[in-house]
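Chemist: need coordinates for the below:
(chains A and B)
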Amino acid sequence: MAKHPFELTWKEIPIGFVQTDYMSAKKNHTGSWRSERPIWDETHCIKCGVCALFCPEACIKTDENGYYHADLDYCKGCGVCVKECWTGCISLKPEEA
Amino acid sequence: MARRKGVESSIALADAVAMCKVDAISAYPITPQTHIVEHLSEWVNDGELDAEFIPVESEHSAMSAALGTSAVGARTFTATSSQGLALMHEILFIAPAMRLPVVMAVANRSLSGPISIWNDHSDIMAERDIGWIQIFAENGQECFDLTPACFKIAEDKRVILPTILNFDGFIVSHMIEPIEYWEQETFDKFLPEFEPQIRLDVKNPSTMGAVGVPEIYYEARMAQHMALVNSKPVIKEVFAEVSQITGREYKVVESYNMEKAEVALVMMGSLTETAMTAVNNLKAKGIEVGIVRPRLWRPFPTEEFLEVLGDISVIGCVDRAYTFGAASHPVASEVKSVLYTSDKRPQVREYVMGIGGRDVRIEEIEDMFMQLIEVKNTGKDFPIQYIGVRE
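Modeler: You can find the predicted model right below:
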């Protein structure tokens, strides 16, 4: 398996820092500095998908039952989904320290 | 071998760019560079040059467009001066970071303010640290000869870095000189077709200009720095080839009368030609002095510079730009830095002259040489001398 980009030495940096690995940005898990996570109350969720539409990270996806959840690898806990949700079924819960 | 004709240096440079079969030119006119791109746009308009000419609304856009054309694999040229170069500033750093071998001619002109269209080196000295290869031509012939050299160096697979060709605005750019043109076949033989090492291609997707997070930015910067440092052998190789083609010597550091010189002045650009007359005048009086001229400014040719200095005991550095508030101005600063880490410790005195188009007289340079001889004899010390400024 190829080295993770963060393990490359300066001699191994691709010329011009060109990234040829398609969708490689996905490897950067950018949700690590989240201080609050969104929680969906499925008893009130109407599966409208407004949260997913407004998510600036596009990291809200449906599960096998059609309910929405955030991919915590990328979710930064910004709360836009909470603000936009029609039924008010999403709340922010503090991350454990 | 070659045709010689009386032609303005800017036009000769533009002709050389056309003979390099450039694919794309994006430029915005600014004095004293204008004649170059004006001439190229005429050629493109008349169908004599098969290239894309992109007229843009500013130099910031000119450089941005140049990066775009270079990224899709086009041999790209642009030219600017002074405020135009300053307006390119943020994009200038991106070209070497993305390793795009754009070639740019800079007709050196002073920066505002006060507003000045005249020549000094303040525009390029403010862009010393952009990561481009930076070469200084002395006259129109060098402008012509070094244009294909710049493309060849920039595009070499061992280099792949953007390159700036500096020459003095008006003093060189608007001077009509007898210039020896290379034949087209000489160009074609010397400069192979551009084979881009990286290329934007929809069939082969890639990301150019990506974010460098703290875990990788440092390594990316180091790679870029080393690419510039390691370009020197290729620059020397290409200069040697140009010497062979033209019969004119091209070195990264030039010298004049250094074999006999007791003291020397270090300077760049067209000023050297005036100084050579001063050297000859003093020689006629039995006084031997010399000139050291770095033709290559970035990467700075440290070893070659020290070799040219030889065992000289006193040198004077001539700057044509201010580094406001600094201990020394750019050339002196570089030279002193090079000497500090070397075994050689000649005495260094510093001069500033020719600022904002102020005329430089041969007698002034003769006086500077005589002052350096006094330093050699008596060890006399003095602060930076601002030659010709009214006090």
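
Chemist: quick one, what contacts residue A:63?
Modeler: For residue A:63, the contacting residues are residue A:69, taking C-beta atoms under 8 Å, 6 or more residues apart in numbering or on different chains as the criterion. All C-beta atoms are positioned from the backbone trio N, CA, C, and that covers glycine.

Chemist: how close does residue B:310 sit to residue B:295?
Modeler: Distance, residue B:310 to residue B:295, using C-beta to C-beta, to the nearest Å: 18 Å.

Chemist: then residue B:89?
Modeler: Separation of residue B:89 from residue B:295 (C-beta to C-beta): 24 Å.

Chemist: hang on, the earlier thing: who's more crowded, residue B:310 and residue B:295?
Modeler: Here residue B:310 and residue B:295 are compared on neighbour count by other C-beta atoms under 10 Å in any protein chain shown; more neighbours surround residue B:295, at 23 against 15.

Chemist: would you check that the more buried one makes contact with residue B:255?
Modeler: No: Residue B:295 is not in contact with residue B:255 according to C-beta atoms under 8 Å; the separation is 10.6 Å.

Chemist: residue B:227 against residue B:97, yeah?
Modeler: No: between residue B:227 and residue B:97 there is no contact, the gap being 10.0 Å when judged by C-beta under 8 Å.

Chemist: so residue B:234 sits right up against residue B:153, yeah?
Modeler: Yes: counting by C-beta under 8 Å, residue B:153 is a contact partner of residue B:234 at 6.1 Å.

Chemist: common neighbours of the two, please.
Modeler: The overlap between the contact sets of residue B:234 and residue B:153 (C-beta under 8 Å, 6+ apart) consists of residue B:159.

Chemist: compare those two (neighbour count), which wins?
Modeler: The residue with more neighbours, out of residue B:234 and residue B:153, is residue B:153; 26 against 18, by other C-beta under 10 Å.

Chemist: now do the same for residue A:1: its pLDDT.
Modeler: We have a pLDDT of 58 for residue A:1.

Chemist: could you do residue B:47 as well?
Modeler: pLDDT, residue B:47: 95.

Chemist: just residue B:190 next, same as before
Modeler: Looking at residue B:190, its pLDDT is 98.

Chemist: quick check, distance from the helix or strand hosting residue B:60 to the centre of its chain.
Modeler: Secondary-structure element containing residue B:60, defined by DSSP states H and E: helix B:59-71. Average the C-alpha atoms of helix B:59-71, do the same for its chain, and the two points are 20 Å apart (C-alpha atoms, centre = their mean, to the nearest Å).

Chemist: go on, stretch A:70-87?
Modeler: Here stretch A:70-87 is found 9 Å from its chain centre; the criterion is C-alpha atoms, centre = their mean.

Chemist: export that stretch to PDB, keeping only CA atoms.
Modeler: What follows is the C-alpha trace of stretch A:70-87 in PDB, where atoms were taken according to Å, rounded to 0.1, in the frame of the first residue of the first chain:
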ATOM      1  CA  ALA A  70     -23.700  12.700   9.900                       C
ATOM      2  CA  ASP A  71     -20.500  10.900   8.900                       C
ATOM      3  CA  LEU A  72     -18.400  11.900  12.000                       C
ATOM      4  CA  ASP A  73     -15.100  11.500  10.100                       C
ATOM      5  CA  TYR A  74     -16.000  14.800   8.400                       C
ATOM      6  CA  CYS A  75     -18.700  16.400  10.500                       C
ATOM      7  CA  LYS A  76     -17.400  19.500  12.200                       C
ATOM      8  CA  GLY A  77     -20.400  20.100  14.400                       C
ATOM      9  CA  CYS A  78     -21.200  23.400  12.800                       C
ATOM     10  CA  GLY A  79     -24.900  23.100  13.600                       C
ATOM     11  CA  VAL A  80     -26.300  24.200  10.200                       C
ATOM     12  CA  CYS A  81     -28.400  21.000  10.100                       C
ATOM     13  CA  VAL A  82     -29.900  21.800  13.500                       C
ATOM     14  CA  LYS A  83     -30.800  25.300  12.400                       C
ATOM     15  CA  GLU A  84     -32.400  24.200   9.100                       C
ATOM     16  CA  CYS A  85     -34.300  21.000  10.300                       C
ATOM     17  CA  TRP A  86     -38.000  21.500   9.700                       C
ATOM     18  CA  THR A  87     -39.200  19.400  12.600                       C
END
